[in-house]
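J.: Following is a predicted model, sequence given first.
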Amino acid sequence: MNVNERNDHKADPNHDPDYRLTPDHKPNPDSNPDPITGEQGARPVGTGVGAASAGAVGTAVGVIVGGPIGGAVGAVVGSVAGGLLGKSVAETLDPTVEDEYWRHNYGTRPYVEPDYSYEDYSPAYRVGYEGYSTYSKQGLSYQEAEPHLRQRYEQHGTHRLGWDKAKHASQDAWHRREHSVSNDGTALR
């Protein structure tokens, strides 16, 4: 490695070799760095969804128990706890890994039709693997969660694939997640 290459890819202050800076010294988006700590593997969406959901519940419970002051305290406590839980849930699912897997393997699946590309199936896969992370924790099977998954799929834009074709990809992604989780609930890598 020459001097310029070393300077173009500097590690973060924690000396994590997997955390790289681009030549203009911005974090490499592939490392998914935490915006505050720089730690790789941030899950801002999961953290935010967890914080918002639990914050709303904390506010409602706090108002019931302690009035307006209880509502404020409940919102803070709920948001922190929910954010941590949301981050934890999000960390068990790496959408980049899932997307990469399906991008390379979708063509081998029996339901894939030659007139459709990965981009046509991708939203259905995402609904399936994200749905597993959400609904399996509520004790739902794919069949029980399918109406919710269909609603999510149909609400997020127009798709070349109707649900009648997309559901097979969604179910496939759900089952991949289901089989990649060990008995103690932690993701296998």
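T.: On my side now, so go ahead. Here the structure is a predicted model, which means the values were calculated and not measured.
J.: Please name the residues that touch the nearest residue to residue 107 once chain neighbours are set aside.
T.: Distances taken as CB to CB, 6 or more residues apart in numbering place residue 118 nearest to residue 107, at 7.8 Å, with adjacent residues excluded. Any C-beta I mention is one placed from the backbone N, CA and C, and that applies to glycine too. Each residue near residue 118 by CB atoms under 8 Å, 6 or more residues apart in numbering is listed here: 102, 103, 106, 107.
J.: list the helices and strands the helix or strand hosting the second one packs on?
T.: Read it as residue 103. Element membership of residue 103, judged by DSSP states H and E, is helix 95-105. Applying 3 or more CB pairs under 8 Å, 6 or more residues apart in numbering; DSSP states H and E, one finds that helix 95-105 makes contact with helix 118-135, helix 163-179.
J.: Measure how that helix sits relative to helix 118-135, angle-wise.
T.: Here the directions of helix 95-105 and helix 118-135 differ by 140 degrees (axes from the mean of the first three to the mean of the last three CA atoms, to 10 degrees).
J.: quick one: helix 95-105 to helix 163-179, angle?
T.: Going by the same axes, to 10 degrees, helix 95-105 makes 120 degrees with helix 163-179.
J.: and helix 95-105, which residues are buried?
T.: Residues of helix 95-105 classed as buried under the neighbour-count rule (16 or more other CB atoms under 10 Å) are 95, 98, 101, 102.
J.: just the residues you listed: which has the poorest pLDDT?
T.: Note: of the buried residues of helix 95-105, the lowest pLDDT belongs to residue 95, at 90.
J.: roughly how far apart are it and residue 111?
T.: Distance, residue 95 to residue 111, by CB to CB, to the nearest Å: 21 Å.
J.: Only alpha carbons, please: show the helix holding residue 103 as CSV.
T.: The C-alpha trace of helix 95-105 is given here as CSV (Å, rounded to 0.1, in the frame of the first residue of the first chain):
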residue,chain,number,x,y,z
PRO,A,95,-31.0,-5.6,5.7
THR,A,96,-27.8,-5.3,3.7
VAL,A,97,-27.1,-9.0,4.2
GLU,A,98,-30.6,-10.0,3.3
ASP,A,99,-30.7,-7.8,0.2
GLU,A,100,-27.4,-9.2,-1.0
TYR,A,101,-28.5,-12.8,-0.4
TRP,A,102,-31.8,-12.3,-2.4
ARG,A,103,-30.1,-10.3,-5.1
HIS,A,104,-27.8,-13.3,-5.8
ASN,A,105,-30.3,-16.1,-5.2
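J.: which stretch of helix or strand covers residue 115?
T.: Here residue 115 is assigned to no helix or strand, by DSSP H and E.
J.: Now for it, how many residues are close by?
T.: 7 (other CB atoms under 10 Å).
J.: Likewise for residue 178?
T.: 14.
J.: can you pull the pLDDT of residue 134?
T.: 92.
J.: Kindly report the same for residue 24.
T.: pLDDT at residue 24 comes out at 47.
J.: before we move on, the earlier item: let me know which of the helices and strands packed on helix 95-105 is tucked in deepest.
T.: helix 118-135 (a mean of 21; mean count of other CB atoms under 10 Å).
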